[in-house]
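**Student:** please find the sequence and the predicted model below.
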Amino acid sequence: MSAERKTVRLSITGRVQGVWYRGWTVDQARTLGLDGWVRNRRDGSVEAAVSGPAGQVDELIALCRIGPAAAAVDRVQVTPESEPVAPGFHQKPTL
């Protein structure tokens, strides 16, 4: 695993609201030791900011392409992020 840190913003579309996607993302990110947050967007998508060792961030991105069992992910858009995120991983209110 690389010691390089990576921070990205994710935009996840598909059937990703009302299927425990945010709670699942929090669980996955915490298991991987990542920092950041996840929230629903009013447009029906889920947004997340994720920071940590590059290998673990990439692993979470791969998991987000699948999502929890009830989800049907159409797309995960990954954008490099320069803003730092607070330590820990939590769920934020809908925006």
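**Tutor:** Received, thanks. Computed from a predicted structure; not experimentally measured.

**Student:** tell me how far the ends of stretch 40-53 are from each other?
**Tutor:** 25 Å (CA to CA, to the nearest Å).

**Student:** hmm, who's touching that stretch?
**Tutor:** If you take CB atoms under 8 Å, 6 or more residues apart in numbering as the criterion, stretch 40-53 is touched by 1-13, 16-17, 21-22, 25, 29, 32-39, 57, 60-61, 64, 81, 83-85, 89, 94-95. The C-beta positions use only the backbone N, C-alpha and C, and glycine is treated the same way.

**Student:** Three-state assignment for the closest residue to residue 89 other than its chain neighbours, please.
**Tutor:** Counting by CB to CB, 6 or more residues apart in numbering, residue 89 lies nearest to residue 29, which is 4.1 Å off, once chain neighbours are set aside. Here residue 29 is recorded as helix under DSSP: H, G, I helix; E, B strand; the rest coil.

**Student:** for residue 25, same thing?
**Tutor:** With three-state DSSP as the criterion, residue 25 reads helix.

**Student:** let's number from 39 now, not from 1
**Tutor:** With the count now opening at 39, the last piece we talked about shows up as residue 63.

**Student:** correct me if wrong: it contacts residue 76.
**Tutor:** Yes: here residue 63 lies in contact with residue 76, judged by CB atoms under 8 Å, at a distance of 4.5 Å.

**Student:** who's more crowded, those two?
**Tutor:** residue 63 (28 against 24; other CB atoms under 10 Å).

**Student:** so how far is residue 73 from the more buried one?
**Tutor:** Distance from residue 63 to residue 73, counting by CB to CB, to the nearest Å: 13 Å.

**Student:** tell me the centre residue of the chain?
**Tutor:** For the chain, the residue nearest the mean C-alpha position is residue 86 (4.3 Å; CA atoms, centre = their mean).
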